[in-house]
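>>> Let's see this in three dimensions:
(one chain, ligands or ions: 2)
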Amino acid sequence: MRMLWLSLLTLMVPVKTPVTALPLRTPDLPIRPHAGLSEADQEFAEAYLRHFYGYKPKSERRRRNADTDVDAEWRTGLCDKVQKMQRFFGLPPSGELTKETLAVMKRPRCGLSDVERFGKTIRWKKSTLSYRIARDNPSIPASKVHKVFRAAWKLWSNVTPMKFRKRSRKEADIVISFYNSDHKDGSPFDGKGGILAHAFLPGYGIGGDVHFDADEDWSFNSTGFSLFAVTVHEFGHALGLPHSRDPGAVMYPAYNFAPSYELQLSFRDVKDIQHLYGVSPNFASLFSKKPPPRTPDKCDPHLSFDAVTELQQEVLFFKDRFMWRKHPQFDETAITLISSLWPDTVPPYLDAVYENVEKNVIMFFKGHQYWMLRQLSLEEGFPRNISDFGFPSRIKSVDAALHFRNEHCTVFFTGHECWRYNEQQKMMEGSPTLIEQEWPGLPSPIDAAVFYDGFVHFFRGNIHYKFDSNSKHMVSTSPANDLLECTEMNGNEIL
Ligand SMILES: [Zn+2]
Ligand SMILES: [Zn+2]
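Ligands and ions are numbered 1, 2, ... in the order given. Below you'll find the model as predicted:
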């Protein structure tokens, strides 16, 4: 309830909009809740929510005759769908069509809905499925495509008892095709970008079939869209899996494949497909050394962080390829991919991050390199070497960075030492000091640090140390994940 109330508030009280900029209200049209966006963007967003979140706008007639109640109802309907979409993608669930929300909507993705809930399990009743490639893509070599399909089936057959056989002529359970634009199944493709592919859930006829948008720049390496990554996802649908809101899952709806990352089924994908088809007899031996990767869980009592930073009014907690965003207005802190906010620029497994409000930049550190981003874009010439800050050559990486907005300085932590960097003079202030002297009671080395809510928060392993920097004493120690509001309504189960 609280979320809805907040979202209504944000719709009704455009606090930051100057009075003169308020659009004049036309009595026979509902107020567009997102006055900052262009008409085209609003239409795009509504079409997106209709297609992927089951948004049903009131009929034009009803809109024209709308009185205030219907008006509000209409806005709430849209708002509710925006929130659902924001929760799915780990965005602050404001219900507002923010620029960031729109940017996520515009990312390349799968054409299937995100709110498809199946009343009953849909799966194939046999354990050997046949597939056939009906329409090749003339611009890519068929042999390469066939090899990709074989490899994609293998990921699913490694974990279940299912077998997949290719047929060249006869009818097959799963028919795979490359199509341009409208191809007469009610879901036309949209040219380059946007929707990349779609698939049909198991069944007769078109059931289980997989369609790729032939207009995409499909690739087998690091340029364009990885045909392998998209195929593994679509084959998941062909086997009966819906979209997962776990950003680490192959069944996540957005294209989030990073060339540096070896594509594999996540723990969640494996659990979901094994729920449908059971466990492969080879599963234990195949995965004993390297089990399918689990997405970090904010309720895990062993959770530790790579880095923590403030970013505008939010606090961001980084872990592996993921991050949680703690927004002061919302109780929920959802997990999302780092790449969902900063596509292809910020590396995973970061060492330290801080925001420099004065310069309006955010700094990321990993190993001997650092990246500087303004807004969402990488500044020219980055990444650069951390020696820029004046570290001697013995310092190969930093553990954490703590930025003090008022003092215009950043404290870097390396091992048992800390270094004070003057952001205005762009130089280190004197020699490093010992952490135990500067921060009595704090063990070292540390993982992450952030100045937030008037206190300095340090993280080491699964422990959070809250420090009062004025009186120089430790206020409390608690579990590292205590700021993430771990509740029953946690993580990937809700929607
Ligand atoms: Zn999909
Ligand atoms: Zn199709």
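
>>> CA atoms for contacts and neighbours, from now on please.
Noted.

>>> In the stretch 1-150 of the chain, what residue lies closest to ligand 1?
Residue nearest to ligand 1 within the stretch 1-150 of the chain: residue 110 (4.4 Å; Cα to the ion).

>>> Tell me the confidence at that residue?
On pLDDT, residue 110 comes in at 96.

>>> Tell me where the model's unsure across the stretch 351-495 of the chain.
Applying pLDDT under 70 to the stretch 351-495 of the chain flags residues 488-495.

>>> coming back round to it: list the contacts of the residue of the stretch 1-150 of the chain closest to ligand 1.
For residue 110, the contacting residues are 195, 196, 197, 198, 253, 254, 255, by Cα atoms under 8 Å, 6 or more residues apart in numbering.

>>> try residue 218
Applying Cα under 8 Å, 6+ apart to residue 218 gives the contacts 224, 225, 226, 227.

>>> what is the nearest residue to residue 468 once chain neighbours are set aside paired to in the beta sheet?
The shortest distance from residue 468 to any non-neighbouring residue, by Cα to Cα, 6 or more residues apart in numbering, is to residue 455 (5.4 Å). Counting by DSSP bridges, residue 455 forms beta bridges with residue 452.

>>> Near ligand 1, which residues of this protein are found?
When proximity is defined as Cα under 5 Å from the ion, the chain approaches ligand 1 at 110, 253.

>>> what ranges do the helices span in the stretch 1-150 of the chain?
Counting by DSSP state H, counting those that start in this stretch, the stretch 1-150 of the chain has these helices, from start to end: 2-12, 39-53, 60-64, 68-88, 99-105, 142-157.

>>> which of those helices has the lowest average pLDDT?
For the helices of the stretch 1-150 of the chain, mean pLDDT drops lowest on helix 2-12, to a mean of 31.

>>> How about the contacts made by residue 201?
122, 123, 207, 208, 209, 237, 238, 239, 240, 241.

>>> Near the second one, how many other residues are there?
Pointing back at residue 123 there. 18 (other Cα atoms under 10 Å).

>>> which residue packs closest to it, ignoring adjacent ones?
Distance criterion Cα to Cα, 6+ apart; nearest residue to residue 123, sequence neighbours excluded, is residue 240 at 5.2 Å.

>>> How about the secondary structure of that neighbour?
The local conformation at residue 240, judged by DSSP: H, G, I helix; E, B strand; the rest coil, is coil.

>>> Look up how far ligand 1 lies from it.
Plainly put, residue 240 is 11 Å away from ligand 1 if you go by Cα to the ion, to the nearest Å.

>>> what do you get for residue 388?
Here residue 388 is placed at a distance of 44 Å from ligand 1 (Cα to the ion).

>>> same check, this time on residue 393
Counting by Cα to the ion, the gap from residue 393 to ligand 1 is 48 Å.

>>> That residue touches residue 387, doesn't it?
Yes: contact between residue 393 and residue 387 holds when scored by Cα atoms under 8 Å: they sit 7.2 Å apart.

>>> Give me the more crowded residue out of these two.
residue 387 (15 against 9).

>>> can I assume the more buried one sits in a helix?
Yes: assessed with three-state DSSP, residue 387 lies in a helix.

>>> Contact partners for it?
Residue 387 sits next to 368, 393 when contact means Cα under 8 Å, 6+ apart.

>>> Tell me the pLDDT of residue 181.
The score at residue 181 is 94. That number is its pLDDT.

>>> So for it, what's the nearest residue that isn't a sequence neighbour?
Closest residue to residue 181 apart from its sequence neighbours, by Cα to Cα, 6+ apart: residue 189 at 4.1 Å.

>>> can you pull the contacts of the one you found?
179, 180, 181, 182, 183, 195, 196, 197, 213.

>>> which of the residues you listed count as buried?
Buried by 16 or more other Cα atoms under 10 Å: 179, 180, 195, 196, 197, 213, out of the contacts of residue 189.

>>> Give the bridge partners for the first one, please.
It stands for residue 179. Residues in beta-bridge contact with residue 179 (DSSP bridges): residue 213.

>>> Tell me who's in contact with it.
Neighbour list for residue 179: 135, 189, 211, 212, 213, 214, 215 [criterion: Cα under 8 Å, 6+ apart].

>>> So what's the residue count around residue 185?
Using other Cα under 10 Å, residue 185 has 7 neighbouring residues.

>>> Residue 309 now?
So residue 309, with other Cα under 10 Å, has 27 neighbours.

>>> again, but for residue 39
By other Cα under 10 Å, neighbour count at residue 39 equals 12.

>>> Could you do residue 215 as well?
Residues near residue 215, counting by other Cα under 10 Å, number 18.

>>> can you check residue 228 too?
22.

>>> Find the nearest non-adjacent residue to it, please.
Closest to residue 228 by Cα to Cα, 6+ apart is residue 148, at 5.7 Å.

>>> That neighbour contacts residue 230, doesn't it?
No: contact criterion Cα under 8 Å: residue 148 and residue 230 do not qualify, at 10.3 Å.

>>> out of these two, which sits in the more crowded spot?
Neighbour count, other Cα under 10 Å: between residue 148 and residue 230, residue 230 has more, with 26 against 19.

>>> That one and residue 195, how far apart?
Applying Cα to Cα, to the nearest Å, the value for residue 230 to residue 195 is 11 Å.

>>> Likewise for residue 126?
For residue 126, the distance to residue 195 equals 30 Å [Cα to Cα].

>>> between the contacts of residue 218, which is nearest ligand 1?
For the contacts of residue 218, the nearest to ligand 1 is residue 227 (13.7 Å; Cα to the ion).

>>> Give the full set of residues in contact with that closest one.
Contacts of residue 227 (Cα under 8 Å, 6+ apart): 148, 218, 219, 220.

>>> Residue 427 is in contact with residue 421, isn't it?
Yes: counting by Cα under 8 Å, residue 427 touches residue 421, with 5.7 Å between them.

>>> what touches both of these two?
Shared contacts of residue 427 and residue 421, counting by Cα under 8 Å, 6+ apart, come down to residue 389.

>>> In contact with the closest residue to residue 162 other than its chain neighbours, which residues?
Spatial nearest neighbour of residue 162, excluding adjacent residues (Cα to Cα, 6+ apart): residue 127 at 4.9 Å. Taking Cα under 8 Å, 6+ apart, we find residue 127 in contact with 161, 162, 163.
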